[in-house]
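1. model this:
(one chain, ligands or ions: 1)
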Amino acid sequence: MNRITQDILLAIGEAQDIAITTHVNPDGDGFCAALALQRVLHGLGKDSVIYTDEDDLSRYAYVMEGSGVKTYSSSITSAIDLLFILDCNSYDRLGQRSNLVDLAAKTILLDHHVVENNPIKADIAYIEPAYVSVGAILYALLKPQILSLSEVDRKYVGDCIYTTILNDTNNYANANTNRAVYELSADLCDLGIKPHVLYKEYFLNHSAEEMRYVGETLATIELHFNRKVLTMVSTLEMMQRNNLNPDSVMNITRWVQGVNGLYAIVYFREDAPGLYKLSLRSVNLDVNKIAIRYGGGGHRQASGCTVKGKLEEVKALLLSDFETAVKEYELD
Ligand SMILES: [Mn+2]
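-> The predicted structure follows:
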């Protein structure tokens, strides 16, 4: 057994009150890894609570049965013996739940993101970017504990870990898909998971209203700068008429990511009157540089920011930024 596993099992053994959390706007990795860990802890005889913000978790209905998830409130003062933080290593990404770190006697952090700013202080930190997801880290560290669960719980943990892979590889489409990912997936098949069912549950589980909203947004597609930059818009009116809320809609940029010849995608989503949440995507331009100008951020290839104003103004601003970025790129 490796040292990290030993330390983690020891900490679990000593703890009574165990809490698990992940970054703000939990995704299929952070959140389903938390569900998997909770079931493994249960198998070790320990109850735990998963804390999230007031997120819409309906997308995860197929793995929610029997889970213990609570909305975090700043009034929580109860002692936590052991806190797990998953898929996140910066206080900036923890939101108000940063408080839990102060409440916890001991913190274990498991993540696969490169450490950048404001790192979380943890007693045990295992941060390994080679892993495709935090679910994959859990499997690597706790495989014997997973295999000794009941058949039902083994499959449940398999479903959760498979979802972490679906999310972080975008169904085996991202550059992080490799042999290790397929080997882990094969192991999960041995736990009884049904990949086609999980794909359908996780990726195709949209309401008709959401698909209509996606269609209306795609109908706004415009191409700029010799077809190098694609823009599209979702208005608040579209959102309301289709009875949706911004947090429950999958990011629409995924529907246009394969469009040929593009340098960048700029998606404007009106979340409140005159308030636009922007998603910027690019393979060859540094969109993070542009997002930072508006107080946002992210990565080189995927960033976001929020801009206030009339749509025409906001669009004109961003398009001038992208015109410059396209020119600079083509000069190189
Ligand atoms: Mn992840």
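2. So the closest residue to residue 76 other than its chain neighbours versus the ion, what's the distance?
-> Distance criterion C-beta to C-beta, 6 or more residues apart in numbering; nearest residue to residue 76, sequence neighbours excluded, is residue 103 at 7.1 Å. Backbone N, C-alpha and C define where each C-beta goes, glycine included. Applying C-beta to the ion, to the nearest Å, the value for residue 103 to the ion is 24 Å.
3. now do residue 68
-> With the distance defined as C-beta to the ion, residue 68 ends up 22 Å from the ion.
4. same question, residue 84
-> Counting by C-beta to the ion, the separation of residue 84 from the ion is 14 Å.
5. go on, residue 260?
-> 29 Å.
6. I'd guess residue 10 is in a helix, am I close?
-> Yes. Assessed by DSSP: H, G, I helix; E, B strand; the rest coil, residue 10 belongs to a helix.
7. What's the local residue count around it?
-> 11 (other C-beta atoms under 10 Å).
8. Likewise for residue 40?
-> For residue 40, the number of neighbouring residues by other C-beta under 10 Å comes to 23.
9. sec struct for it, please.
-> Under three-state DSSP, residue 40 comes out as helix.
10. ditto for the one 5 residues further on
-> When the structure is reduced to helix, strand and coil (three-state DSSP), residue 45 reads as coil.
11. from now on call the first residue 369
-> Will do, 369 is the new start, and the previous item becomes residue 413.
12. Please identify which helix or strand holds residue 673.
-> Following DSSP states H and E, the helix or strand that holds residue 673 is strand 670-676.
13. For that strand, which residues meet the burial criterion?
-> Residues of strand 670-676 classed as buried by neighbour count (16 or more other C-beta atoms under 10 Å): 670-673, 675.
14. and the next element down the chain from it?
-> Per DSSP H and E, the helix or strand that comes after strand 670-676 is helix 679-699.
15. now for that following helix, which elements pack on it?
-> Applying 3 or more C-beta pairs under 8 Å, 6 or more residues apart in numbering; DSSP states H and E, one finds that helix 679-699 makes contact with strand 590-592, strand 597-602, strand 632-640, strand 643-650, helix 655-661, strand 670-676.
16. contacts for it?
-> Here helix 679-699 makes contact (C-beta atoms under 8 Å, 6 or more residues apart in numbering) with 592-593, 596-597, 599, 601, 603, 631-632, 634, 636, 638, 644, 646, 652-654, 657-658, 661, 675-677.
17. and it, average pLDDT?
-> What helix 679-699 shows for mean pLDDT is 97.
18. same deal with stretch 568-580?
-> Mean pLDDT, stretch 568-580: 93.
19. just the buried members of the contacts of helix 679-699?
-> Counted by 16+ other C-beta under 10 Å, the contacts of helix 679-699 give 592, 596-597, 599, 601, 603, 631-632, 634, 636, 638, 644, 646, 652-654, 658, 675 as buried.
20. Please give me every residue in contact with the closest residue to the ion within the chain.
-> At 3.3 Å from the ion, residue 397 is the closest residue in the chain, using C-beta to the ion. Residue 397 is in contact with 455, 501-503, 532, 535-536, counting by C-beta under 8 Å, 6+ apart.
21. Select from these the one having the most neighbours.
-> That'd be residue 503 among the contacts of residue 397, by other C-beta under 10 Å, with 35 neighbours.
22. can you list contacts of the strand or helix carrying that residue?
-> For residue 503, the element it lies in under DSSP H and E is helix 502-515. Residues outside helix 502-515 that contact it (C-beta under 8 Å, 6+ apart) are 370, 372-373, 376-377, 397-398, 400-401, 404-405, 408, 411-412, 454-455, 478-480, 494, 496, 499, 522, 525, 528-533, 548-549, 552, 555-556, 559.
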